[in-house]
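Engineer: here is a sequence with its predicted model. Questions after.
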Number of protein chains: 2
Amino acid sequence: MITIVLLGAGNVAKHLYEAFLPLNLVKVIQCYNRKGIPIHENQEEVFVTDNLQNLKKADLYILAISDDAIVEVSDQLPFQNRLVVHTSGSVPMKFMNDKNIRGVFYPLQTFSATKEVDFTSIPFCIESEEENELMLLKNVASQLSKKVYEISSDQRNILHVAAVFVNNFTNYLFSLGNDICKENDVPFEILHPLIQETANKITEMNPDNAQTGPGIRNDIQTINRHLKLLNNDSQKQLYTALTEAIQIKYGKKL
Amino acid sequence: MITIVLLGAGNVAKHLYEAFLPLNLVKVIQCYNRKGIPIHENQEEVFVTDNLQNLKKADLYILAISDDAIVEVSDQLPFQNRLVVHTSGSVPMKFMNDKNIRGVFYPLQTFSATKEVDFTSIPFCIESEEENELMLLKNVASQLSKKVYEISSDQRNILHVAAVFVNNFTNYLFSLGNDICKENDVPFEILHPLIQETANKITEMNPDNAQTGPGIRNDIQTINRHLKLLNNDSQKQLYTALTEAIQIKYGKKL
Ligand SMILES: NC(=O)c1ccc[n+]([C@@H]2O[C@H](COP(=O)([O-])OP(=O)(O)OC[C@H]3O[C@@H](n4cnc5c(N)ncnc54)[C@H](OP(=O)(O)O)[C@@H]3O)[C@@H](O)[C@H]2O)c1
Ligand SMILES: NC(=O)c1ccc[n+]([C@@H]2O[C@H](COP(=O)([O-])OP(=O)(O)OC[C@H]3O[C@@H](n4cnc5c(N)ncnc54)[C@H](OP(=O)(O)O)[C@@H]3O)[C@@H](O)[C@H]2O)c1
């Protein structure tokens, strides 16, 4: 059995704890957080410590804590030569203290407190400086998810930038769609199925082949009509910038 | 029974024809397209005409043809006082010839030739200048879909702009995510579940509440690191423009 000490009391720590619970070959033997509070309804207080000095011996220490705290906490750990991983998409593995064997155990998904998580389809990006430890991480991740990828810190950085485009920026476009509808008394929910389908399409075809709209068609009339309909400068600027970018990217095909 | 003549041989005409086939209360009695070719594998040639003069009498004529052709074909129809609708998101109803009773029957979804369509969850935006005809359109749409909305031409215009943001521009962001991954030998499929979840979230929460990322956190360090990683000017400019737009929109909350 692989034993784990789980550090943190946020979204990721809570969801990971729940996901580990039913497993037989992997067991969380202790939790740590600054306030020493249980992170699960059935967790007894003795199971949780607020003192790094009291951490038990385990095969794996998972720092599911804020990006800014990872280096500091990795420095404060009162042991060495053990496997210590963080769960961040953006902190390089080697930023952690090298007194321990370092690794990364990054679930590439957005978690929120309220929403249940099905880990089986969440990609795990794992990394470690030692081959044996990499195997152990792969083993643990495979028990949670069907999708486990060995990803270097550099590649993880790239994934993080790409995720900003496909998650943060995309959500921002949804928020503008919502604003435009609200300002004109049209229910935004009418667009929900289109949004779902837009996301589903990329699992079946290359987004370059799925690109449609007045931009790629160079439909100047529609573009101008749309710009007139928008009554917010920021929306207008973004409409123009994105349309131009689409035309630059696909221009040769026009 | 409501009888329909369906004009056009493109994506929308084909998918609509298939969707009408199993219905009992609604029946397509004839198809028209310029080449006079069947639009379904089991369709006999006599069922299809290439001559507008030969159109049969029906309760409803659906012009599922290119936006640019709608006005012209509505002019050429050799009858009057019948219900004629188009399926476009952007052509105003009143652009069609007023010798007939005009309407709109717009399925708000993106269709492609290869992908099967489940109409039951596709929103239909219907409009007509006459109350009785609006009821007839509502009746027909309700047999295909659970989501039928009365939407004016002005509102449809707004939906179309909003759709450019949530569909065309969003897909463009996916294409950039794909490029960034490809340029760095990272499989884009790792981001598919994140993309699905981003789209699913808006059905459950307001996109303003779902907004995350370095932009809204004003995480200058990460923003600068990301800009350095991007080696394409168009990507950099868009990253900056979208980050600034997010900061302007949510700035007061920071
Ligand atoms: N949320 C996501 O969608 C997501 C997805 C993938 C990866 N991640 C990564 O997973 C990690 C945790 O994210 P999260 O969303 O769970 O964050 P979160 O909900 O904000 O929770 C952060 C946790 O870190 C703890 N913490 C902060 N500073 C600390 C310190 N100096 N010492 C000890 N503990 C400290 C906090 O402790 P207190 O409770 O005492 O404040 C809290 O329990 C981050 O690296 C994040 O990048 C997040
Ligand atoms: N595709 C979508 O995702 C979607 C979604 C919702 C609404 N719509 C709207 O639905 C309508 C049809 O779109 P579509 O995607 O089906 O287009 P499409 O696949 O490009 O097919 C267009 C059809 O229009 C016909 N056509 C063009 N000019 C014509 C003319 N002058 N006279 C007669 N027929 C003519 C074409 O005839 P030929 O076969 O002879 O060339 C073709 O059959 C458009 O108004 C579009 O805006 C499309």
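Structural biologist: Good, I have the coordinates. Numbers count the residues shown, from 1 in each chain, chains lettered A, B, ... in the order given. Ligands and ions are numbered 1, 2, ... in the order given.
Engineer: can you read off the pLDDT for A:Lys252?
Structural biologist: Note on A:Lys252: pLDDT of 52.
Engineer: average pLDDT across stretch A:38-53?
Structural biologist: Stretch A:38-53 carries an average pLDDT of 95.
Engineer: does ligand 1 sit close to it?
Structural biologist: No - applying Cβ under 6 Å from any ligand atom, one finds stretch A:38-53 separated from ligand 1 by no less than 8.2 Å. Backbone N, C-alpha and C define where each C-beta goes, glycine included.
Engineer: next, the buried residues of that stretch.
Structural biologist: For stretch A:38-53, the neighbour count (16 or more other Cβ atoms under 10 Å in any protein chain shown) marks A:Ile39, A:Val48, A:Thr49 as buried.
Engineer: and what of stretch A:127-141?
Structural biologist: A:Glu127, A:Ser128, A:Glu133, A:Leu134, A:Leu136, A:Leu137, A:Lys138, A:Val140, A:Ala141.
Engineer: same check on stretch A:11-25?
Structural biologist: By 16+ other Cβ under 10 Å, the buried positions in stretch A:11-25 come out as A:Asn11, A:Val12, A:Ala13, A:Lys14, A:His15, A:Leu16, A:Tyr17, A:Ala19, A:Phe20.
Engineer: got it, and stretch A:59-67?
Structural biologist: A:Asp59, A:Leu60, A:Tyr61, A:Ile62, A:Leu63, A:Ala64, A:Ile65, A:Asp67.
Engineer: is that stretch in proximity to ligand 1?
Structural biologist: Yes - using Cβ under 6 Å from any ligand atom, stretch A:59-67 reaches ligand 1 at A:Ala64, A:Ile65, A:Ser66, A:Asp67.
Engineer: the second one touches A:Val73, doesn't it?
Structural biologist: Yes - counting by Cβ atoms under 8 Å, A:Val73 is a contact partner of A:Ile65 at 6.1 Å.
Engineer: shared neighbours, these two?
Structural biologist: By the contact definition Cβ atoms under 8 Å, 6 or more residues apart in numbering or on different chains, A:Ile65 and A:Val73 are jointly contacted by A:Leu7.
Engineer: so which bits of the longest helix along chain A are buried?
Structural biologist: Using DSSP state H to define each element, chain A has its longest helix at helix A:233-250. Neighbour counts over helix A:233-250 (16+ other Cβ under 10 Å) mark A:Ser234, A:Gln235, A:Leu238, A:Tyr239, A:Thr240, A:Ala241, A:Leu242, A:Thr243, A:Ala245, A:Ile246, A:Lys249, A:Tyr250 as buried.
Engineer: quick one: list the elements packing against that helix.
Structural biologist: Other helices and strands packing on helix A:233-250, by 3 or more Cβ pairs under 8 Å, 6 or more residues apart in numbering or on different chains; DSSP states H and E, are helix A:170-183, helix A:214-217, helix A:220-229, helix B:170-183, helix B:233-250.
Engineer: contacting residues around that helix?
Structural biologist: Here helix A:233-250 makes contact (Cβ under 8 Å, 6+ apart) with A:176, A:179-180, A:208, A:211, A:213-216, A:218, A:223, A:226-227, A:230, A:254, B:161, B:164-165, B:168-169, B:172, B:175, B:234, B:237-238, B:241-242, B:245, B:248-249.
Engineer: got the angle for that helix vs helix B:170-183?
Structural biologist: When axes from the mean of the first three to the mean of the last three Cα atoms, to 10 degrees is applied, the directions of helix A:233-250 and helix B:170-183 differ by 50 degrees.
Engineer: now do helix A:233-250: distance to the chain's middle.
Structural biologist: Here helix A:233-250 shows a centroid-to-chain-centroid distance of 27 Å under the convention Cα atoms, centre = their mean, to the nearest Å.
Engineer: and for stretch A:134-153?
Structural biologist: Centroid separation for stretch A:134-153 versus its chain: 15 Å, with Cα atoms, centre = their mean.
Engineer: hmm, it touching chain B?
Structural biologist: Yes - on the criterion Cβ under 8 Å from any Cβ of the partner chain, stretch A:134-153 is in touch with chain B at A:Lys147, A:Tyr149, A:Ile151.
Engineer: neighbour-wise, give me the winner out of those.
Structural biologist: Neighbour counts for those, by other Cβ atoms under 10 Å in any protein chain shown, peak at A:Ile151, which reaches 23 neighbours.
Engineer: hmm, it is touching A:Ser128, no?
Structural biologist: No - counting by Cβ under 8 Å, A:Ile151 does not reach A:Ser128; the two are 11.1 Å apart.
Engineer: okay, now A:Val71: neighbour count?
Structural biologist: 15.
Engineer: and if you look at A:Pro207?
Structural biologist: Counted with other Cβ under 10 Å, residues neighbouring A:Pro207 total 22.
Engineer: again with A:Glu204
Structural biologist: So A:Glu204, with other Cβ under 10 Å, has 11 neighbours.
Engineer: CA atoms only: put the longest helix of chain A into PDB for me.
Structural biologist: Extracted as PDB, the C-alpha positions of helix A:233-250 are listed here (Å, rounded to 0.1, in the frame of the first residue of the first chain):
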ATOM      1  CA  ASP A 233     -15.900  50.200 -26.500                       C
ATOM      2  CA  SER A 234     -14.100  47.200 -24.900                       C
ATOM      3  CA  GLN A 235     -16.500  44.800 -26.700                       C
ATOM      4  CA  LYS A 236     -15.900  46.600 -30.000                       C
ATOM      5  CA  GLN A 237     -12.100  46.600 -29.700                       C
ATOM      6  CA  LEU A 238     -12.100  42.900 -28.900                       C
ATOM      7  CA  TYR A 239     -14.400  42.100 -31.700                       C
ATOM      8  CA  THR A 240     -12.100  43.900 -34.100                       C
ATOM      9  CA  ALA A 241      -8.900  42.400 -32.600                       C
ATOM     10  CA  LEU A 242     -10.200  38.900 -32.800                       C
ATOM     11  CA  THR A 243     -11.600  39.300 -36.300                       C
ATOM     12  CA  GLU A 244      -8.300  40.700 -37.500                       C
ATOM     13  CA  ALA A 245      -6.400  37.900 -35.800                       C
ATOM     14  CA  ILE A 246      -8.600  35.300 -37.500                       C
ATOM     15  CA  GLN A 247      -8.100  37.000 -40.800                       C
ATOM     16  CA  ILE A 248      -4.300  37.100 -40.300                       C
ATOM     17  CA  LYS A 249      -4.200  33.400 -39.300                       C
ATOM     18  CA  TYR A 250      -6.500  32.100 -42.000                       C
END
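Engineer: one step back: from the buried residues of stretch A:38-53, which is closest to chain B?
Structural biologist: A:Ile39 (21.2 Å; Cβ to the nearest Cβ).
Engineer: helix/strand/coil for the closest one?
Structural biologist: A:Ile39 falls in the coil class when you classify it by DSSP: H, G, I helix; E, B strand; the rest coil.
Engineer: re earlier: mind checking which of the helices and strands packed on helix A:233-250 is nearest ligand 1?
Structural biologist: When these are compared by Cβ to the nearest ligand atom, helix A:170-183 sits nearest ligand 1, at 12.4 Å.
Engineer: between the closest one and helix A:220-229, how many degrees?
Structural biologist: Using the same axes, to 10 degrees: helix A:170-183 against helix A:220-229 is 70 degrees.
Engineer: residue contacts, A:Val166?
Structural biologist: Residues counted as contacts of A:Val166 (Cβ under 8 Å, 6+ apart) are B:Leu173, B:Phe174, B:Gly177, B:Leu191, B:Leu194, B:Ile195, B:Thr198.
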